[in-house]
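>>> Provided below for reference: sequence and predicted model.
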Amino acid sequence: MQKTLKSAVTFEGVGLHSGRKVRMSVRPAPADHGIWFRRTDIELGDPMIPASWDAVERGPLCTRLVNTAGVDVSTVEHVMAALAGAGITNVVVDVNGPELPILDGSSLIFIRAFKARGILTQDRPAHAIEILKPISVTDDKGATATLDRCDRLRIEFHIDFPGTAIGKQSRTLDMSNGAFARVLSDSRTFCRREDVEAMRANGLARGGTIDNAVVVDGDDILTPGGLRHDDEAVRHKMLDALGDLALAGAPILGHYTGDKAGHSLTNLLLCELFARPDAYRIVTCTPEIAARLPGEGLVMGEIPEVA
């Protein structure tokens, strides 16, 4: 069945790239509404932005959505991952600026708040997107993203950052039975110190600090307290992938593989998927299918504590 929040929950923080203070409220929505963002600071024009793959303006650093009136909201991937990981299908996300708060750089604060507020089951069946044929995309640097058949969502990721504390990392995770919250939700965004310096020189990452990102300098971890997991970097890439895949509009039943992939490539993969009607079908979730979706089996006591 479809799900929403029992009541609204509010978050305050700064935008990772803008550095601006921002207030965001995630509010319940009726069945069949879907997930929408609403720019509460927009007085003229359309403030409603769909959480949809075809509203993405592709870029390398975050996921940015733009409606037909040109109103945008960026860095949506972490809250989208938390909503998917909690099984929430219908909400309105009010935000008073062009970027969502980065908080601690993960999805942990979001998903803990959603579970604590309460998740309401609605009286409409949920749907899922079943992958029928393999789909693959590659960029000009050799990074790839693929979707293949699977009876649940499985995410596999491979990264390679030579000459840094990150290095090569790989992980595969079955996303059912609350696995996102337990395994991935607390993994933070990461970058190299030289990347931060370059982004700031271009007016980006103004809100980025060693408190909301894992910053590495060669073999050194600059963030106080070090890593939450030895493979925190690849876990965060998997978190991002779940958030970007959630823009498909329904949970995916398929095996996603990202090899050095990022936001843009995952979105390009969804574009390729929906251009191939023979490669997928929309299914109504039976209890058996629903039991394999992210969010089912989510238990508050298994979600990591906020650091």
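On my side now, so go ahead.
>>> Quickly note the distance from Thr138 to Pro304.
Thr138 sits 34 Å away from Pro304, going by C-beta to C-beta, to the nearest Å. Bear in mind the C-beta positions are built from the backbone N, C-alpha and C, glycine included.
>>> Could you check which of the two has the larger neighbour count?
Using other C-beta atoms under 10 Å as the criterion, Thr138 and Pro304 rank with Pro304 on top: 17 against 14.
>>> contacting residues around that one?
Pro304 sits next to 108, 182, 185-186, 228 when contact means C-beta atoms under 8 Å, 6 or more residues apart in numbering.
>>> Equivalent analysis for Trp36, please.
Neighbouring residues of Trp36 by C-beta under 8 Å, 6+ apart: 29, 48-51, 91-93.
>>> Taking those, tell me the two that lie furthest apart.
Spatial extent of the contacts of Trp36 (C-beta to C-beta) is set by the pair Ala29 and Ile49 at 14.1 Å.
>>> can you pull the pLDDT of the spatially most central residue of the chain?
Residue closest to the average C-alpha location in the chain (C-alpha atoms, centre = their mean): Gly243, at 2.1 Å. Looking at Gly243, its pLDDT stands at 98.
>>> Repeat that for Ala205.
Reading off the model, Ala205 has pLDDT 53.
>>> Same question for Thr223.
So Thr223 comes in at 88 (pLDDT).
>>> Tell me if it really is in a strand.
No. Counting by DSSP: H, G, I helix; E, B strand; the rest coil, Thr223 is not part of a strand but coil.
>>> Helix or strand with the lowest mean pLDDT in the protein?
Using mean pLDDT, DSSP states H and E, helix 193-201 stands out as the lowest-scoring helix or strand of the chain, at a mean of 64.
>>> Would you mark the buried spots in whichever helix or strand comes after it?
Counting by DSSP states H and E, the next helix or strand C-terminal to helix 193-201 is strand 214-217. Buried residues in strand 214-217, counting neighbours by 16 or more other C-beta atoms under 10 Å, are found at 214-216.
>>> Remind me what strand 214-217 packs against, helices and strands.
Packing partners of strand 214-217 (3 or more C-beta pairs under 8 Å, 6 or more residues apart in numbering; DSSP states H and E): strand 190-192, helix 193-201, helix 232-245.
>>> okay, these, which one's buried deepest?
helix 232-245 (a mean of 26; mean count of other C-beta atoms under 10 Å).
>>> Figure out how far it is from the centre of its chain.
Relative to the centre of its chain, helix 232-245 is centred 7 Å away, using C-alpha atoms, centre = their mean, to the nearest Å.
>>> And stretch 276-290, by the same measure?
Averaging C-alpha positions (C-alpha atoms, centre = their mean) puts stretch 276-290 21 Å from its chain's average.
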